[in-house]
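# Any chance you can model this:
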Amino acid sequence: MKVDRRTLDDLVRFARIERLAGDIEPWAAVLGEVRRSGLLDGEGSAWAVKVYNAYDDLGSAWRLIGRWPGPAEWAAERDTSAAAGWPVGHERRNLRGGLIRRHLYSYTAALGGQPQLRHLPEWETLRPLLMAVAAHLQAHVPDRYAAQLAEADRTDPAWVVPGTPFTTVTVNNTWPTGVHTDKGDLDAGFSTSTCLRKGQYTGGHLVFPEYQLAADLHHGDLILMDAHEWHGNTQIVCGCGHRLNGGCPECGAERISLVTYFRTKLVRCGTPEEEKQRANEFHERQG
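Have a look, this model is predicted:
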């Protein structure tokens, strides 16, 4: 993998300016630009997104992929101690120190040497579930559904999950998150979270501290929520007694949440062909 460092440095610099100017979530735009530009291939892009999601810090993510450009390189290297000391975003503070290394080793072990993108055809099997989630959103929160659908109708269909008002699906596997508010999704819309459980564990409650509420979601449960309210997940302990940040490699316990929402800035995007052309023009201007 060859990375144009000058381009990346420029993107990071611009993103920091955007953030200081009050932009909602510039880091997502930076990652999207890198993926569209061809600086990373499909596997490199998938790894970059995984690492960024782990750190929630673009600088730390680039440092890691600069040394370990893919899952295979990370899995083969046991001296990754440097990665434990790099900054972690507020929402991922539960992965500080050695826990982030354990999390990424769990990820690469789960891949088993297989490509990260091998499950793309299986995406189609999720479509009926996502459409059912959209139907529940329409039935129970019709005003939020209508607002979100209106934005989806204004967005190029390439960026919208067909038959839903969602642009984005985030999968959190056995991840106790710090208390946070989501950014970058539609203010007038609503988020959804579907819980998929495997094995035995305790904890993993979805907590809304401002309201002193906690939801213990069971397998197949769906919660409709305003993700701009403070929320987080409690620590997960499996039947083996391990505090989990990823599925347990021994007993197989997992708590997977499938989160869907509308990413606000996607309404500004053109067709995939137009966005690719825009990215090429940007890099030509950078020389």
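
# any low-confidence regions in the stretch 101-250 of the chain?
120 (pLDDT under 70).

# how about the helices in it?
For the stretch 101-250 of the chain, applying DSSP state H, counting those that start in this stretch gives helices covering 123-140, 142-153.

# where exactly do the strands run in the stretch 151-287 of the chain?
Taking DSSP state E, counting those that start in this stretch, the strands of the stretch 151-287 of the chain run over residues 168-173, 191-198, 201-203, 206-208, 213-215, 222-225, 232-233, 236-238, 243-244, 254-261.

# follow-up on the earlier one: so which of the helices of the stretch 101-250 of the chain is the most surrounded?
Stretch with highest mean neighbour count among those: helix 142-153 (a mean of 17; mean count of other CB atoms under 10 Å). Yep, even glycine has a C-beta here, placed from its N, CA and C like the rest.

# what is the orientation angle of it with helix 123-140?
140 degrees (axes from the mean of the first three to the mean of the last three CA atoms, to 10 degrees).

# Is Asn172 in contact with Val259, as I believe?
Yes - between Asn172 and Val259 there is a contact under CB atoms under 8 Å: 6.7 Å.

# Give me the more crowded residue out of those two.
The residue with more neighbours, out of Asn172 and Val259, is Val259; 19 against 15, by other CB atoms under 10 Å.

# Thought Asn173 was touching that one, still the case?
No - contact criterion CB under 8 Å: Val259 and Asn173 do not qualify, at 11.7 Å.

# and Gly252, how far is that from Thr108?
Note on Gly252: its distance to Thr108, by CB to CB, to the nearest Å, is 17 Å.

# Which one's more surrounded, the two?
Ranked by neighbour count (other CB under 10 Å), Gly252 and Thr108 place Thr108 first, with 20 against 13.

# so which of the helices of the stretch 101-250 of the chain gets nearest Asp41?
Shortest distance between Asp41 and these, using CB to CB, is found for helix 123-140: 19.0 Å.

# Specify the angle between the closest one and strand 191-198 in degrees.
Going by the same axes, to 10 degrees, helix 123-140 makes 130 degrees with strand 191-198.

# The chain should start at 653 in everything you say after this.
Sure thing, new numbering starts at 653, so read that last one as helix 775-792.

# so what does helix 775-792 touch, helix or strand wise?
Packing partners of helix 775-792 (3 or more CB pairs under 8 Å, 6 or more residues apart in numbering; DSSP states H and E): helix 794-805, strand 843-850, strand 874-877, strand 906-913.

# elements contacting the longest one?
Identification of packing neighbours for helix 794-805 by 3+ CB pairs under 8 Å, 6+ apart yields helix 775-792.

# And for the helix it packs on, what's in contact with it?
796-797, 800, 813-818, 821, 842, 844, 846, 874, 876, 910, 912 (CB atoms under 8 Å, 6 or more residues apart in numbering).

# Can you give the distance of that helix from its chain's centre?
With CA atoms, centre = their mean, to the nearest Å as the basis, helix 775-792 stands 19 Å off its chain's centre.

# ok and that helix relative to strand 906-913, angle-wise?
60 degrees.

# Specify the beta-bridge partners of the closest residue to Val823 other than its chain neighbours.
Nearest residue to Val823, sequence neighbours excluded (CB to CB, 6 or more residues apart in numbering): Leu910, at 5.9 Å. Beta bridges link Leu910 to Val823, Thr846 when assigned by DSSP bridges.

# So Leu910 sits against Thr846, correct?
Yes - in this structure Leu910 lies within contact range of Thr846 using CB under 8 Å: 4.3 Å.

# So which of the two has more stuff around it?
More neighbours surround Thr846 than the other of Leu910 and Thr846, with 21 against 18 (other CB under 10 Å).
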